[in-house]
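no sequence on this one, just coordinates:
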RNA sequence: CGAGGAGUAGCACAGUUUGGUAGUGCACCUGGUUUGGGACCAGGGGGUCGCAGGUUCGAAUCCUGUCUCCUCGACCA
């Protein structure tokens, strides 16, 4: 692309309706423009970059044997009813009606449609396995779009679906796709980790997330400093340290106006880790009281799974009144009128502080034997410094952007939608499915979050919109423009995507723009041209070197080979 | 959905408290001088002040309503 007479602009200052680094750089570099909250135009430069990412994805999908197809986005609502996902998605699905008032939706994901497509083809075990995929828009009415391209309401997703006759086949298809995913993120130069995650609205038995590591991330990743344990906080577990000691005598003590666990512990001069706090929650309109160590947080995901609930909320005063709990002083001893669930950690604690269900009083030296409970389970978030459940190392956190997700779905969709095949014994069986999603837009945002400096974006060669930018500094000089144009043509002929800055701008403007948009290689054609020299500078280096005209192309080719 | 903040030129913002001709920087146009790190001088164009209603002789400014955007939270494959 020659910048003169092209659609190209940059902004000198940050815009105020983007707060994230990547969001602002994408907007300032003229790659995207916001239309509405969570909805963006992809302008030429942005589309070209996105397409480079999509191309890598497509190459790896095809290489893994998957076949591409395309599903519609506008779908009758009934497609999602069979598997109960109209409810599962709730208000995050876009609904609309046609002229006959028939309900339609904009597809938030496509498991059902791919299953229906598979039904047309699958009759016998001989028809399995296979994997199909698409790269298509998805629509989700997010509660809060944010961070530029990270959380948007319309976005592309490459989603793939595997179909096998049994679990063994699924394991194989899953591994093929999982390996392809690793190659995709490696080729895109994303710094990522894979974590175990919750299966959520997708269902199934296994979910692994590919998380780009950045401080902007919305997910907390739990990692081990000794082994390769890695898990999303929502499902992370820890090894509990046994702190049992000889039980002392239970004693009630006055704790006037000390209602938070921190206040109580500091008043009694006790370590918060030697206390147990109560959380009074509304689960399916029932009062459930959770007891966890004083410094812990309840993990809503674990609780919902344990109780088969969709959500947990704080209990209302009316609901609390059905028990003898006293907010601020709630304890498990002689507690009635509520379901009591304790965290498994309490089994390994002794002589702890806990509420007495009397205003202004707590017990000290409480022990498990002093009260009854309904369920004991893992119901809390792990914390940094907790013990790794696998190797005993120390756990630590990182933040991540979920850029890919792979699921072992099992037979959830095939059973409900009747995707069956006849096996060797003429028996009808449901196909076993896996599904695999990647968000190219999130990859783009993640790469920018991970690769930028005060000047702007630093694109890796593999996905940069142009690998080389030629800055022709003296637009009035025929020699300069002739050489720059010749180099531009030659590089493009060699398949090296090249941009020529032939605008009538001062050098500083060109340098700053090319640095902002992150082109990996800059060739400056300037005053050394009379000596037969041009300047080579890599975006990720502060050094520049002079090249003789005859060696320019070889040098660039070699540099790209070594650095892509 | 809860809490907070913001809507004035393409971008960033001042002006609003105390009502009285619509402003500044960057960007843009014309002319000139410059030409290896966001040039300088001179002249110029561009605005229903988010929208609707109200108060007033007069509203960007006061009042009422409403829409949009951002941040934190809730939510989220």
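Right, received. Where do you want to start? None of these values were measured; they are calculated from a predicted model.

residue numbers of the stretch 151-300 of chain A in contact with RNA strand B?
Proximity of the stretch 151-300 of chain A to RNA strand B is assessed by CB under 7 Å from any atom of the strand, with A:151, A:157, A:159, A:197-202, A:207, A:218, A:300 identified as the residues in range. Every C-beta, even on glycine, is put in place using the N, C-alpha and C of the backbone.

report the two of those residues separated the most.
Among these, the pair separated by the greatest distance (CB to CB) is A:159 and A:300, at 26.9 Å.

these two: which is more packed in?
With neighbours defined as other CB atoms under 10 Å, residue A:159 and residue A:300 compare such that residue A:159 has more, 22 against 16.

got a list of what the more buried one touches?
Contacts of residue A:159 were listed using CB atoms under 8 Å, 6 or more residues apart in numbering, and they are A:109-110, A:114, A:133-134, A:136, A:138, A:435-438.

cross those against helices and list the overlap.
residue A:114 (DSSP state H).

got TSV for the contacts of residue A:159, with neighbour count and distance to RNA strand B too?
Output for those, formatted as TSV (neighbours: other CB atoms under 10 Å; distance: CB to the nearest atom of the strand, whole Å):
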residue	neighbour count	distance to RNA strand B
A:109	20	4
A:110	23	9
A:114	25	13
A:133	26	13
A:134	19	12
A:136	16	10
A:138	19	4
A:435	27	9
A:436	25	10
A:437	22	4
A:438	28	8
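
what residues sit buried inside stretch A:383-398?
A:383, A:386-389, A:393, A:395, A:398 (16 or more other CB atoms under 10 Å).

an error on my part: the question was meant for stretch A:161-179.
By neighbour count, and taking 16+ other CB under 10 Å as the criterion, the buried residues in stretch A:161-179 are A:161-165, A:169-170, A:173-174, A:176-178.

farthest-apart pair in those residues, please.
Of all pairs drawn from the buried residues of stretch A:161-179, the one with the longest distance (CB to CB) is A:165 and A:178, at 19.5 Å.

before we move on, what SS does the residue nearest the centre of chain A have?
Nearest to the geometric centre of chain A sits residue A:402, at 1.2 Å (CA atoms, centre = their mean). Following DSSP: H, G, I helix; E, B strand; the rest coil, we place residue A:402 in the strand state.

check contacts around it.
Residue A:402 makes contacts with A:209-211, A:218-219, A:439, A:442, as judged by CB under 8 Å, 6+ apart.

what sits closest to it if chain neighbours are left out?
Leaving out its chain neighbours, the residue that sits closest to residue A:402 by CB to CB, 6 or more residues apart in numbering is residue A:209, at 5.1 Å.

just to revisit the earlier point, does the residue nearest to the centre of chain A have any beta-bridge partners, and if so which?
Taking DSSP bridges, one obtains residue A:211 as the residues bridged to residue A:402.

now it: how far from residue A:176?
Distance of residue A:402 to residue A:176, given as CB to CB, to the nearest Å: 21 Å.

what about residue A:495, distance to residue A:464?
Taking CB to CB as the measure, residue A:495 and residue A:464 are separated by 14 Å.

sorry, back to before: among the contacts of residue A:159, which pair sits farthest apart?
A:114 and A:438 (15.4 Å).

which pLDDT does the model give residue A:502?
In this prediction, residue A:502 carries a pLDDT score of 95.

nope, residue A:231 is what I was after
The model's pLDDT for residue A:231 equals 93.

OK, contacts around the nearest residue to it once chain neighbours are set aside?
Counting by CB to CB, 6+ apart, residue A:231 lies nearest to residue A:196, which is 4.5 Å off, once chain neighbours are set aside. Under the criterion of CB under 8 Å, 6+ apart, the contact partners of residue A:196 comprise A:206-209, A:230-232, A:235-236.

do the same with residue A:494
Neighbours of residue A:494 in contact, by CB under 8 Å, 6+ apart: A:553, A:557.

so it versus residue A:530, what's the distance?
Computed as CB to CB, the residue A:494 to residue A:530 distance reads 26 Å.

what about whichever residue of the stretch 401-550 of chain A sits closest to RNA strand B, how many neighbours?
Nearest residue of the stretch 401-550 of chain A to RNA strand B (CB to the nearest atom of the strand) works out as residue A:526 at 2.0 Å. A total of 16 residues lie near residue A:526 under the criterion other CB under 10 Å.

pretty sure it is touching residue A:477, no?
No - counting by CB atoms under 8 Å, no contact exists between residue A:526 and residue A:477, whose distance comes to 9.5 Å.

where's residue A:245, which helix or strand?
Residue A:245 is part of no helix or strand, with elements assigned from DSSP states H and E.

was I right to think it contacts residue A:352?
No - here residue A:245 does not reach residue A:352: they are 10.9 Å apart, not a contact under CB under 8 Å.

ok, the two, which is more surrounded?
Between residue A:245 and residue A:352, counting by other CB under 10 Å, residue A:352 is the more crowded of the two (23 against 10).

distance check, that one against residue A:327.
Using CB to CB, one obtains 19 Å as the distance from residue A:352 to residue A:327.

not counting its neighbours along the chain, what's nearest residue A:264?
residue A:258 (4.5 Å).

residue A:150 too?
Leaving aside its chain neighbours, residue A:150 sits nearest to residue A:445 (5.0 Å; criterion: CB to CB, 6+ apart).
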